[in-house]
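Novice: Fold the following.
(chains A and B)
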Amino acid sequence: DGGITQSPKYLFRKEGQNVTLSCEQNLNHDAMYWYRQDPGQGLRLIYYSQIVNDFQKGDIAEGYSVSREKKESFPLTVTSAQKNPTAFYLCASSTSPSGYGYTFGSGTRLTVV
Amino acid sequence: GESVGLHLPTLSVQEGDNSIINCAYSNSASDYFIWYKQESGKGPQFIIDIRSNMDKRQGQRVTVLLNKTVKHLSLQIAATQPGDSAVYFCAESYTGGFKTIFGAGTRLFVKA
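Specialist: Modelled structure (predicted):
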């Protein structure tokens, strides 16, 4: 079945560490996105990519980095520069950048210990 | 600036009753609206969508209403069931835009 897979489901980070969250899709979608979700808040866009080898900053890109070397993969690195990284991270892909056909992964919960 | 918001952060209904979840949007250029359901610890799932050339769209037990005059969107769930308990998000986007804007969400509790 086609879908979007995020791993790991739970991730713990020590202060000062970089961690990378994986996102893989087999839907043949061009556009991929990373969102952050905090309790009681909507989804906030971190980075998005409309095509391979190209990506753009979203609303809260500081302290994060991404790459898009393959159409299927869009990993997110949470760097030590992100001062409050504890959150639920969601990856999504779509057939169109305008939001049509959005599919979400099951999320990664990142906790700083 | 652009925003998609919700009038009620939580909604509690009795099993079998109808539920109505409301959403306001501010971008007049938005022409595509989506409702998502998110269960605890999971990613959002698509429920139903509507384009700006429509006022109403029905799915299985769900109906979305769009009032462009007052920039208001609502999701109606008929005969609400315990499995409907979740957080519901509205979202907006527009043709040629590069991202979808999500509201903060409404938590729906269904009492048995």
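Novice: what does chain B have sitting close to chain A?
Specialist: B:4, B:9, B:32, B:34, B:36, B:41-46, B:89, B:91-100, B:102-105 (Cβ under 8 Å from any Cβ of the partner chain). For the C-beta atoms, the positions are set from N, CA and C on the backbone; glycine is no exception.
Novice: Buried ones among the residues you listed?
Specialist: Neighbour-count burial (16 or more other Cβ atoms under 10 Å in any protein chain shown) is assigned, among the residues of chain B next to chain A, to B:4, B:32, B:34, B:36, B:43-44, B:89, B:91-94, B:97-100, B:102-105.
Novice: Give me the subset of the residues you listed lying in strands.
Specialist: B:4, B:32, B:34, B:36, B:89, B:91-93, B:102 (DSSP state E).
Novice: Would you mind putting those into JSON lines with pLDDT alongside?
Specialist: Output for these, formatted as JSON lines (pLDDT from 0 to 100):
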{"residue": "B:4", "pLDDT": "48"}
{"residue": "B:32", "pLDDT": "92"}
{"residue": "B:34", "pLDDT": "93"}
{"residue": "B:36", "pLDDT": "95"}
{"residue": "B:89", "pLDDT": "91"}
{"residue": "B:91", "pLDDT": "92"}
{"residue": "B:92", "pLDDT": "91"}
{"residue": "B:93", "pLDDT": "88"}
{"residue": "B:102", "pLDDT": "88"}
